[in-house]
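Engineer: Sequence first, predicted model second:
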Amino acid sequence: MEAARLAWPRGLRRHCIESAAVKPLPTMNGRLMQTEAVARREPAPASNAPPTVEIAVPVYDEAPGLEIAVRRLHSYLSERFPFSWRIVIVDNASTGDTLGVARRLAAELNGLRLLHLDRKGRGLALRTAWITSDLGGSV
């Protein structure tokens, strides 16, 4: 199954990353060669199945607006989105009640997964969501 992933970082700017097979980068003595910093992508094999979209939502101390935003996104995807989907909330070391709100949402809403990280970082949160995904695509 081919997987496409959308990330909605803070500010709800959308970043779309199409899944594709990524070749390993060349190394020299176990270190990545500086001149080969960009991964070469090959087209994903054609599939008759519709793509599955995984939306990673990295959060840090966003308890007040998290429930409203996630419920709105969940409602839109359920009612209007033409593909199968999953929302992944990635709490990256929140100190407030963000994790509690996210846990409650994950228990109430279908199609929602929760990850908790002990370190801050939106990039780390997105990378962790994509690496731990079981949808089968590569970034």
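Structural biologist: That came through, no problem.
Engineer: can you give me the helices in the protein?
Structural biologist: For the chain, the helices defined by DSSP state H cover 63-80, 98-108, 122-131.
Engineer: Next, the buried residues of the first one.
Structural biologist: Yep, that's helix 63-80 we're talking about. Along helix 63-80, these residues count as buried under the neighbour rule (16 or more other CB atoms under 10 Å): 63, 66, 70, 73-74, 77. The way it works is simple: take the backbone N, C-alpha and C, and place the C-beta from them, glycine included.
Engineer: quick one: the strands in the protein?
Structural biologist: With strands called from DSSP state E, the chain shows them at 3-7, 15-17, 21-22, 27-28, 31-32, 41-42, 52-59, 84-92, 112-117.
Engineer: Extract the CA atoms of stretch 51-67 and return them as PDB.
Structural biologist: This file holds the C-alpha atoms of stretch 51-67, laid out as PDB (Å, rounded to 0.1, in the frame of the first residue of the first chain):
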ATOM      1  CA  PRO A  51      -3.200   6.000  -1.100                       C
ATOM      2  CA  THR A  52      -3.300   6.200   2.700                       C
ATOM      3  CA  VAL A  53      -2.500   9.600   4.100                       C
ATOM      4  CA  GLU A  54      -0.900  10.000   7.500                       C
ATOM      5  CA  ILE A  55      -1.100  13.400   9.100                       C
ATOM      6  CA  ALA A  56       1.500  14.100  11.700                       C
ATOM      7  CA  VAL A  57       0.600  16.900  14.200                       C
ATOM      8  CA  PRO A  58       3.600  17.800  16.400                       C
ATOM      9  CA  VAL A  59       2.600  19.600  19.600                       C
ATOM     10  CA  TYR A  60       4.400  21.300  22.400                       C
ATOM     11  CA  ASP A  61       2.500  22.800  25.300                       C
ATOM     12  CA  GLU A  62      -0.600  23.300  23.100                       C
ATOM     13  CA  ALA A  63      -3.300  21.900  25.400                       C
ATOM     14  CA  PRO A  64      -5.700  24.900  25.100                       C
ATOM     15  CA  GLY A  65      -6.200  24.600  21.300                       C
ATOM     16  CA  LEU A  66      -5.300  21.000  20.700                       C
ATOM     17  CA  GLU A  67      -8.800  19.500  21.200                       C
END
